[in-house]
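A.B. asks: okay, sequence plus prediction incoming.
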Amino acid sequence: MEQPTIPVNPGSSTLYFLISLLAAIAVAVVAYIFVMNPNTIASGSWAKKEGFQGPSRGVSNIPCGQESSYAVSLSELFSSKTSTTEEGEADLTEFKVILSKLCCMKHDLMSTNRVVRSTLNLPFVTAHDREYIGDTVGRCFAYSLPPRDLDIIFDTWKDRGLTLLDKLCTSYNLSDSETNAANNDFMSVWSDTYDIARTVCIPCKKPESSSPRDPKGFMPDAIKELGTYLGYY
């Protein structure tokens, strides 16, 4: 007995062909996009146009530079110029270390897990550090950093940073407008981190989770009435 044959539907083969063709086109388009645009990290140049603080990485050669568009602007300002003095590059390296400490301290203080991470591996520099910055952040989280100590730490960063910036503006032949912009950018980075540190490190009230055994800041009665620290002993 002859078996009945199933008639071939020409429309189904055409449909399969169209689906295969569309899939091949889609794969080719995606491959073209990845080949022509291998760098998928956002550029820091969009930060000002879109109003965002900056992408997570790839914006500058400053660690934690994504925390401040002002720090990125300072880095880009000097990266396009050449020093005319022998000590210019060394001063720029130290200046970038100060910027990175301000940015990384902001990043750690604003983190929700309250862990010393971004500031953990930053170097101690005797020219502008009163203590290791990781210890400073840790004392902030433990509420054991007196306000006067915090002010001394930030004042030292500011004074050294402005001194280096003044030398750099001369060494890199910055114009008056560029010099003013650089000073304003640095003070914006400094004041931003300082305001955050004052809020996080010095709480307005005693934390509910604290206990009598927790470390706390202590200020002797002999220095409570002292004036503003001016850098002299």
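C.D. replies: Arrived safely, thanks for sending. Numbering: from 1, shown residues only.
A.B. asks: please count neighbours and contacts with C-alpha atoms only from this point.
C.D. replies: Fine.
A.B. asks: helices and strands around the helix or strand harbouring residue 100, which ones?
C.D. replies: Assigned by DSSP states H and E, residue 100 belongs to helix 88-110. In terms of contacts (3 or more Cα pairs under 8 Å, 6 or more residues apart in numbering; DSSP states H and E), helix 88-110 is packed against helix 69-79, helix 133-141, helix 147-171, helix 176-201.
A.B. asks: mind listing what's buried along the second one?
C.D. replies: Read that as helix 133-141. With burial defined by 16 or more other Cα atoms under 10 Å, the residues of helix 133-141 counted as buried are 133, 134, 136, 137, 138, 139, 140, 141.
A.B. asks: dump those into CSV; add pLDDT as well.
C.D. replies: Formatted as CSV, the buried residues of helix 133-141 follow (pLDDT from 0 to 100):
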residue, pLDDT
133, 92
134, 90
136, 92
137, 92
138, 91
139, 90
140, 91
141, 90
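A.B. asks: where does pLDDT dip in this structure?
C.D. replies: By pLDDT under 70, the weakly predicted segments of the chain are 1-12, 37-60, 204-219, 224-225, 227-233.
A.B. asks: the same query, at a cut-off of 50, please.
C.D. replies: 40-58 (pLDDT under 50).
A.B. asks: name the element residue 23 belongs to?
C.D. replies: Going by DSSP H and E, residue 23 is part of helix 10-36.
A.B. asks: how far is that helix from where the chain is centred?
C.D. replies: Relative to its parent chain, helix 10-36 has a centroid offset of 43 Å by Cα atoms, centre = their mean, to the nearest Å.
A.B. asks: what do you get for stretch 73-84?
C.D. replies: 18 Å.
A.B. asks: may I see the buried residues of it?
C.D. replies: By neighbour count on 16+ other Cα under 10 Å, the buried set for stretch 73-84 is 73, 74, 75, 78, 83.
A.B. asks: show me what counts as buried in stretch 190-199.
C.D. replies: 190, 193, 194, 197.
A.B. asks: ok, and what's touching that stretch?
C.D. replies: Outside stretch 190-199, the residues that touch it by Cα atoms under 8 Å, 6 or more residues apart in numbering are 102, 103, 105, 106, 109, 110, 140, 147, 150, 154, 158.
A.B. asks: of these, which is the nearest to residue 88?
C.D. replies: residue 158 (18.8 Å; Cα to Cα).
A.B. asks: what number of residues lie near the closest one?
C.D. replies: Neighbourhood size, residue 158 [other Cα atoms under 10 Å]: 18.
A.B. asks: now residue 22
C.D. replies: 12.
A.B. asks: also residue 117?
C.D. replies: Neighbours of residue 117 using other Cα under 10 Å come to 15.
A.B. asks: cool, and the one 10 residues further on?
C.D. replies: Applying other Cα under 10 Å, we find 10 residues neighbouring residue 127.
A.B. asks: name the nearest residue to it, sequence neighbours excluded.
C.D. replies: Once flanking residues are discounted, residue 127 sits nearest to residue 160: 7.5 Å by Cα to Cα, 6 or more residues apart in numbering.
A.B. asks: that neighbour contacts residue 125, doesn't it?
C.D. replies: No: here residue 160 does not reach residue 125: they are 11.1 Å apart, not a contact under Cα atoms under 8 Å.
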